[in-house]
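K.L.:
Let me see the structure of the following:
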Amino acid sequence: MERNTSLHPPTKYFVGVAGNIGVGKSSLTGLLARALDWEPFFEANAENPYLADFYEDMQQWSFHSQVFFLSRRLQHHRQLVDHPGSVIQDRTVYEDAEVFARNLYRQGHMSQRDYETYHALYQGVSAFLPAPDLLIYLRARVGTLVERIAMRGRAYERQISIDYLAMLNTLYEEWISSWKACPVLILSADDLDFVHHDADFQLILNDVRAHLAALQPGS
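P.N.:
Predicted structure coming up:
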């Protein structure tokens, strides 16, 4: 896979990859990091000590799980800002609050008291966070998400319902339609198999390069 040699002069970039469960964020993050010779920051799913409990009992464990994700992604955000080179992040801190926590509250899985506490914490900290230079949004139908979740075979994800994924998709669309902090590159994960087909990945890579080039002075 080719390395990035087309962006001159050398510039430090911060790119976030957003999207629903199973859409391919981690795979795309890794592929782009290798192609562009950037540092990847991956989602902390495997480290979340509450996640398996959360999928068994969302009412009991939603607040704990969301606070863990928020704290871990805030740490990552600090590392991203301080990193000397370009970085790409698998799921952003914004999605935790604007999509996942909001969904849990709307569905009655998080109490109003817990949601207000969580959201106040998020708002207080996010006001000081620099936005990414580019946000890549992977969009997919629920059927595609279900197939990919089944393929990766994570035991704790077997309890995820179609209705849950559908609501997350709705909230993602609401969030991305109102996002103004940086440019957004929207990609259809239904139509692109960037993991198994290099031609599909090259299309994405060219789009990313074009968006980043447009950010450079004089573009």
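
K.L.:
where does Gln216 sit relative to Gly16, distance-wise?
P.N.:
Remark: distance between Gln216 and Gly16 (CB to CB, to the nearest Å) = 19 Å. Just so you know, the C-beta spots here come from the backbone N, C-alpha and C atoms, and that holds for glycine as well.

K.L.:
let me redo that: His64
P.N.:
According to CB to CB, His64 and Gly16 sit 24 Å apart.

K.L.:
More neighbours: the two, which one.
P.N.:
Taking other CB atoms under 10 Å, His64 and Gly16 do not tie; Gly16 has more neighbours (27 against 16).

K.L.:
now that one: how far from Thr29?
P.N.:
According to CB to CB, Gly16 stands 9 Å off from Thr29.

K.L.:
swap in Val17?
P.N.:
Distance from Val17 to Thr29, by CB to CB: 5 Å.

K.L.:
who touches both of the two?
P.N.:
Ile88, Gln89, Asp90 (CB atoms under 8 Å, 6 or more residues apart in numbering).

K.L.:
In this structure, what residue spans correspond to helices?
P.N.:
25-36, 51-56, 58-82, 93-95, 102-106, 112-126, 142-152, 162-178, 198-215 (DSSP state H).

K.L.:
Just the buried positions in the third one, please.
P.N.:
With burial defined by 16 or more other CB atoms under 10 Å, the residues of helix 58-82 counted as buried are 58, 61-70, 72-74, 76-77, 80.

K.L.:
Tyr137 pairs with what?
P.N.:
Ala18, Ile186 (DSSP bridges).
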